[in-house]
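Student: this one's sequence-less:
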């Protein structure tokens, strides 16, 4: 009797899918959120950085903030995806880190919090 190459599948045993690709997307989103907050804060705090971030004059530094953020987010996702594509990672830790970075990114774009950090 010939058994199929993957006899576990024919017996109803299915290997779990790796969670690495999903974890890569979640962590990259957290890193992108933090990047947005840090660049927005730095652009408001420093005129030199603000001028560096102006890629399109009508929108001001927002054009550079969003462009750099998207590049960092996509680059991070690509690297993490390639590293974790066939792995299972500690998803709870990844989620915790991503939500912490999301909170930092949110706070750094929230005007009253930015004013507190800048001493206004």
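Tutor: In hand now; what should we look at? Keep in mind that this is a model prediction, so the values were computed, not measured.
Student: got the residue ranges for the helices in the chain?
Tutor: Taking DSSP state H to define them, one finds helices in the chain at 7-10, 20-45, 47-52, 62-84, 91-109, 111-118.
Student: neighbours around residue 26, how many?
Tutor: For residue 26, the neighbour count with other CB atoms under 10 Å is 20. The way it works is simple: take the backbone N, C-alpha and C, and place the C-beta from them, glycine included.
Student: how close does the spatially closest residue to residue 39 that is not a sequence neighbour get to residue 114?
Tutor: In space, and not counting its chain neighbours, residue 39 is closest to residue 65: 4.4 Å by CB to CB, 6 or more residues apart in numbering. Counting by CB to CB, to the nearest Å, the gap from residue 65 to residue 114 is 13 Å.
Student: And these two? Which one has more around it.
Tutor: residue 65 (27 against 17).
Student: Name the spans of the chain whose pLDDT lies under the cut-off.
Tutor: Low-confidence segments of the chain (pLDDT under 70): 1-10, 120.
Student: Tell me who's in contact with the closest residue to residue 84 other than its chain neighbours.
Tutor: Take residue 84 and drop its neighbours on the chain: the residue closest to it by CB to CB, 6+ apart is residue 20, 2.9 Å away. Going by CB atoms under 8 Å, 6 or more residues apart in numbering, residue 20 touches 81, 83-89.
Student: so what's the residue nearest to residue 39 up against?
Tutor: Here residue 65 is in contact with 36, 39-40, 43, 53 (criterion: CB under 8 Å, 6+ apart).
Student: let's go with 10 Å and repeat that
Tutor: 35-44, 49-50, 53-55, 59, 109 (CB atoms under 10 Å, 6 or more residues apart in numbering).
Student: Of those, just the buried ones, PyMOL syntax please.
Tutor: One line in PyMOL is enough to select the buried ones among the contacts of residue 65; burial here means 16 or more other CB atoms under 10 Å:
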select buried, resi 35+36+37+38+39+40+41+42+43+44+49+50+53+54+109
